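[1] Below are the sequence and a predicted model; questions follow.
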Amino acid sequence: MSETNDLTPAEVRVWRAFPRGESVDFRAADDEDPALGNTWGAERTVRASVLRTLLIKAPQEEGEVAALKITGARITGVLNLDHATIDAAIELTHCLFDGVSDLNGAQLRRLDLSESALPGLTAEGVRIQGALRLTGCRARGPVRLGGAQVSGALFMERAEFRAANDSEPVLQLNQAAIEADLWAPEMRAHGQVRLTGATVTGRINIQDAVFHKPDGIALDAQNLNVGAHVRARCLRARGRVELRGSRITGRLDLLHAHLSHPSDTALRASSCVIGELWLRRGDRIEGALNLRRSHIEILTLEPQMLPDQVYLSNLSYTVLAPHEPAESRLPMLEREGEGYEPYGYEQLTAAYRHVGDDDAARLVQLAKQRRRRTTLTWYGRLWGYVQDATVGYGFRPLRAAVWLLSLMAIGSIAYGLDHPRPTKVDEAPEFNPVFYTLDLLLPIINFGQESAFAPAGWHQWLSYALIITGWVLATTIVAGVTRSVNRQ
């Protein structure tokens, strides 16, 4: 009896085409929607059990390469290839699957499910020697690819993933190993996408992708390893984007991205190692931004995108772009949720010095001292205000000269109009109001004027004020100079 006696005419076509690797196209038109395949009749329906038998039995023809290539069919039942080893390529495109295929632990040459409608897919630990194509797929149940090993690329352009409930991620690629690129521009995910611990040797492209899980983590990519760039331009994420502990050798490109998770963290890239991070030209982030403990070689960050809460403690970077005035960068350090963090000011100072902008670096250091002042006791704050007003904590030394000249002018005019009386009339030198004022102001230098004259009345009170002011001024100058020398 022939092996095809119990097969339908549609299945016979598939059986006969398989040994020669020929395609079987059941479509009536190229623009058919496989999601409406429930209306397709027996003439384009193939049982999953027949496909399993065909793949495992693998009939051969000499000089031909067998392959399963079906387009536009309705596949009934469950395609069960659990831990099977299949040498033939599998291409089931523009198909409607009635059951959730089971490919757990299978070893396949190539798998192409492009433009198909799936109730879900279970393929944990699957090994694919070539590419895995889910281009344009529409999955209405979880797609489980945890621990998958793909020697080629993973293609998911325009794919759509959703599930009836959100009890588990709609797409699972945790611990997956992809030895080429992960290509998923314009992908749509209504539920969580999990990439925790995954390794992508090449690039990740999720440009124009949409991740929608407003009540939790939309993209969970903790400990992700990427050997090249992550292109996420125009990404729209409603829910947290979680990248904690990830390593991205190249660039994480979030140009024109819209990240939204109000009242929670929108983007967490803490404890990461990233070559370049681009956050530019996008909408203002809705939710907190967390870059704690990360190392980023080139950080491209536009102040306009920053949210109200920014966590940057122990973030290190070499270059900060675009070059902005210090006044526009300082607010991000003041948004740190846990208060004063000196390391952030030091890092920003180093970035300005790296590009030779010493003026901006000094402004950052001055802002650091002012922020630190808010953490001190009342007398510490008082002394801080004095140092700030007199010499700008040592970063504005010309202020000391202004104060000195102003006080000297006041004293010289006051004492010039009304001389104090000499202590000893016969021994007193000629009175000089300028040097007398300097004798009062400068604690160390002695021009012989102060000891030769004894002020009285308002002269005496003015001399007390000049002496005290001189000591305060001298002390703050010494403190500021010492701080400046220590920094250098």
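    On my side now, so go ahead. Numbering: from 1, shown residues only.
[2] Show me the helices in the stretch 301-450 of the chain, by range?
    Remark: helices assigned in the stretch 301-450 of the chain by DSSP state H, counting those that start in this stretch are 326-334, 342-354, 358-373, 378-391, 398-417, 433-441.
[3] Just the CA atoms of the second one, as CSV, please.
    If I follow you right, that is helix 342-354. This file holds the C-alpha atoms of helix 342-354, laid out as CSV (Å, rounded to 0.1, in the frame of the first residue of the first chain):
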residue,chain,number,x,y,z
PRO,A,342,29.5,64.3,45.4
TYR,A,343,30.6,61.7,42.8
GLY,A,344,28.2,63.1,40.2
TYR,A,345,29.7,66.5,40.4
GLU,A,346,33.2,65.2,40.2
GLN,A,347,32.3,63.1,37.1
LEU,A,348,30.7,66.1,35.4
THR,A,349,33.8,68.2,36.3
ALA,A,350,36.1,65.6,34.7
ALA,A,351,33.9,65.6,31.5
TYR,A,352,34.2,69.4,31.1
ARG,A,353,38.0,69.2,31.8
HIS,A,354,38.3,66.5,29.2
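[4] tilt between that helix and helix 358-373?
    Computed by axes from the mean of the first three to the mean of the last three CA atoms, to 10 degrees, the angle separating helix 342-354 from helix 358-373 equals 170 degrees.
[5] So which bits of helix 342-354 are buried?
    Applying a neighbour-count criterion of 16 or more other CB atoms under 10 Å, the buried positions in helix 342-354 are Gly344, Tyr345, Gln347, Leu348, Thr349, Ala351, Tyr352. Backbone N, C-alpha and C define where each C-beta goes, glycine included.
[6] Let me know whether Glu22 touches Lys69 as I believe.
    Yes: counting by CB atoms under 8 Å, Glu22 does reach Lys69; the two are 6.8 Å apart.
[7] So the two - more neighbours on which side?
    Using other CB atoms under 10 Å as the criterion, Glu22 and Lys69 rank with Lys69 on top: 19 against 14.
[8] Can you tell me the closest non-neighbouring residue to the residue nearest the centre of the chain?
    Centroid check for the chain by CA atoms, centre = their mean gives Ala269 as the closest residue, at 4.6 Å. Counting by CB to CB, 6 or more residues apart in numbering, the nearest residue to Ala269 once its immediate chain neighbours are dropped is Leu243, at 4.4 Å.
[9] can you pull the contacts of the one you found?
    Ala221, Gln222, Leu224, Leu252, Leu267, Arg268, Ala269, Cys272 (CB atoms under 8 Å, 6 or more residues apart in numbering).
[10] Let me know the closest of the residues you listed to Leu291.
    Closest approach to Leu291 among the contacts of Leu243 (CB to CB): Ala269, at 5.5 Å.
[11] thought that closest one was touching Ser246?
    Yes: with contacts counted by CB under 8 Å, Ala269 reaches Ser246, the gap being 7.1 Å.
[12] Next, the buried residues of the helix or strand Pro214 falls within.
    Assessed by DSSP states H and E, Pro214 sits inside strand 210-220. Going by neighbour count (16+ other CB under 10 Å), the buried part of strand 210-220 is Val210, Phe211, His212, Lys213, Ile217, Ala218, Leu219, Asp220.
[13] Give me the below-cutoff pLDDT ranges for the stretch 351-488 of the chain.
    389-394, 396-401, 425, 427-428, 448, 450-451, 476-488 (pLDDT under 70).
[14] mind checking how far Glu286 is from Leu259?
    7 Å (CB to CB, to the nearest Å).
[15] So for those two, which sits in the more crowded spot?
    Neighbours per residue, other CB under 10 Å: of Glu286 and Leu259, the larger number sits with Leu259, 28 against 16.
[16] tally of neighbours for the closest residue in space to the more buried one that isn't next to it in sequence?
    Leaving aside its sequence neighbours, Leu259 sits nearest to Ala266 (CB to CB, 6+ apart; 4.4 Å). The tally of other residues near Ala266 (other CB under 10 Å) stands at 23.
[17] Make sure I have this right: Ala266 is in a strand.
    Yes: assigned with DSSP: H, G, I helix; E, B strand; the rest coil, Ala266 falls within a strand.
[18] Quick one, grab the pLDDT at the residue lying closest to Gly227 once chain neighbours are set aside.
    Counting by CB to CB, 6+ apart, Thr201 is the residue found nearest to Gly227 once chain neighbours are left out, at 4.6 Å. At Thr201, the model reports a pLDDT of 97.
[19] Next: the one 10 residues further on.
    In the predicted model, Phe211 carries a pLDDT score of 97.
[20] Skipping adjacent residues, who's closest to Pro59 in space?
    Closest residue in space to Pro59, ignoring its immediate chain neighbours: Pro19 at 5.0 Å, by CB to CB, 6+ apart.
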